[in-house]
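Trainee: Only the shape, not the letters, is given here:
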């Protein structure tokens, strides 16, 4: 057991694990991952390189962050970290203590700043008073003095290491409670949180439920500048009847879920009548036809292709649009007959066209927005870990531990005062403080001490 703990706590193992994890991350950035690629892109990659994908999948490299290799490396890394932390506790506890035996300043190891000065009357008392004035904790014993400042800050080192466990715990909770999906909503539509509302099968969490929230889309407002789209606003009314707005890079967050804008489109209201004038279909068809794009859909057994001209203009028999603002929308539908002949009709709202034995009418239109929905429950723990780590690092670097040893000695010229000092960081700056201490000891006048204290950097 002892040998196993020595192995787990070794610096060589720490370095090896860090290199292995860094290599793992680089492979994850190089090799396409299932969790990152859209399903159709991953399927296309499989079709193009079936052998390579099969080998990578067998090795677990297409889901590398969940592979047995990654799990093993993380277990080894945190085991190493736990052993290192446990072994550092006694040393940190000893560094935080000020009582007990006081080392001899003349021979104590690890003290780079040493001074020897004549010990006038009251020199030790003047040094102790100066150190207490500088907020050092002072302990005197057997003619020696030990002073510590920020003696508890070494515990911040353990707090910094603890943040890695919190971040890992939050990451695991997020991984197994993560929900991702896309939902298409038009103006006036209500989102209830039902899985059936998503545009494609969402990624369900291993634990927990999809986000349960309700809201209604009140408006989808593209923002144009000089006839060019520059932004979007999706106005919602939440379950408390409060207005919420989604913009580019400004999601709507509710509890542990966020709704991010991804795309905008137009949904024409199409109504189909049969030969007797009865309505056989009526509804909004979501189409991705803005910015000159074409989209296809099927209706009453017919395949159609749609184009939209938001601000219709016709020049020399060629249809186009003056801008992307919906000033004079024209929907051009292309029907491919079974004979192979194409029938193309351009419709304004209120106009219709023959569709086989039916009559199709373009009645109205509205905008719709695609929202990316993501939910995970471990982010609070992750941010807590980052906060503890940043605070511990700031405490460790700014409130760094300083230690001073004093002892009376004897020399050829009379009594001496031996001084030894060290600091965890910024040793050159701390030596300036030691020089001020020496000057205050040689000049035990309180007024001089106050003047000298202002010179400490």
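Mentor: Alright, I've got the coordinates. Given the structure is predicted, the values throughout are model-derived calculations rather than measurements.
Trainee: how many other residues sit next to the nearest residue to residue 303 once chain neighbours are set aside?
Mentor: Excluding the flanking residues, the one nearest residue 303 by Cβ to Cβ, 6 or more residues apart in numbering is residue 336, at 6.0 Å. In this view, the C-beta of every residue, glycine as well, is placed from N, C-alpha and C. Counted with other Cβ atoms under 10 Å, residues neighbouring residue 336 total 15.
Trainee: Residue 103 now?
Mentor: Residue 103 has 16 neighbours, counted by other Cβ under 10 Å.
Trainee: again with residue 263
Mentor: Counted with other Cβ under 10 Å, the neighbours of residue 263 add up to 14.
Trainee: And residue 365, by the same measure?
Mentor: By other Cβ under 10 Å, neighbour count at residue 365 equals 22.
Trainee: Look up which residues are beta-bridged to it.
Mentor: residue 268 (DSSP bridges).
Trainee: Residue 416 should be in a strand, yeah?
Mentor: Yes. Using DSSP: H, G, I helix; E, B strand; the rest coil, the assignment for residue 416 is a strand.
Trainee: Just list the residues touching it, thanks.
Mentor: Neighbour list for residue 416: 116, 117, 118, 119, 408, 409, 410 [criterion: Cβ atoms under 8 Å, 6 or more residues apart in numbering].
Trainee: quick one: secondary structure of the second one?
Mentor: So the one you mean is residue 117. Per three-state DSSP, residue 117 ends up strand.
Trainee: wouldn't it be in contact with residue 415 here?
Mentor: No. Contact between residue 117 and residue 415 fails when scored by Cβ atoms under 8 Å: they sit 10.2 Å apart.
Trainee: Where does confidence bottom out across the contacts of residue 416?
Mentor: When these are compared on pLDDT, residue 119 comes out lowest, with 74.
Trainee: since we're on that residue, how many residues are nearby?
Mentor: 21.
Trainee: Over to residue 111?
Mentor: For residue 111, the neighbour count with other Cβ under 10 Å is 17.
Trainee: ok, now residue 285?
Mentor: Count around residue 285 with other Cβ under 10 Å applied: 19.
Trainee: One more: residue 440?
Mentor: The burial count assigned to residue 440 is 25, neighbours taken as other Cβ under 10 Å.
Trainee: my guess is it contacts residue 127, does it?
Mentor: Yes. Using Cβ under 8 Å, residue 440 makes contact with residue 127 at a distance of 7.1 Å.
Trainee: Can you tell me which of the contacts of residue 416 are classed as buried?
Mentor: Neighbour counting with 16 or more other Cβ atoms under 10 Å marks 117, 119 as buried within the contacts of residue 416.
Trainee: Outline the domain layout of the protein.
Mentor: 2-90, 97-151+399-453, 175-265+371-385, 266-364 (automatic domain parsing).
Trainee: could I get those as TSV with distance to residue 157?
Mentor: Rendered in TSV, the data for those read as follows (distance: least, Cβ to Cβ, whole Å):
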stretch	distance to residue 157
domain 2-90	7
domain 97-151+399-453	10
domain 175-265+371-385	15
domain 266-364	55
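Trainee: Out of those, the one nearest residue 163 is which?
Mentor: Closest to residue 163 of the domains of the chain, according to Cβ to Cβ: domain 175-265+371-385, at 4.3 Å.
Trainee: And the domains of the chain: which comes nearest residue 166?
Mentor: Per Cβ to Cβ, nearest to residue 166 of those: domain 175-265+371-385, 3.2 Å.
Trainee: so how far is the closest one off the chain centroid?
Mentor: 18 Å (Cα atoms, centre = their mean, to the nearest Å).
Trainee: Now do the helices in the stretch 51-200 of the chain.
Mentor: 68-96, 123-133, 155-177 (DSSP state H, counting those that start in this stretch).
Trainee: Output the contacting helices and strands for the second one.
Mentor: Okay, so that is helix 123-133. On a contact count with 3 or more Cβ pairs under 8 Å, 6 or more residues apart in numbering; DSSP states H and E, helix 123-133 meets strand 137-141, strand 144-149, strand 402-411, strand 414-423, helix 427-442, helix 446-453.
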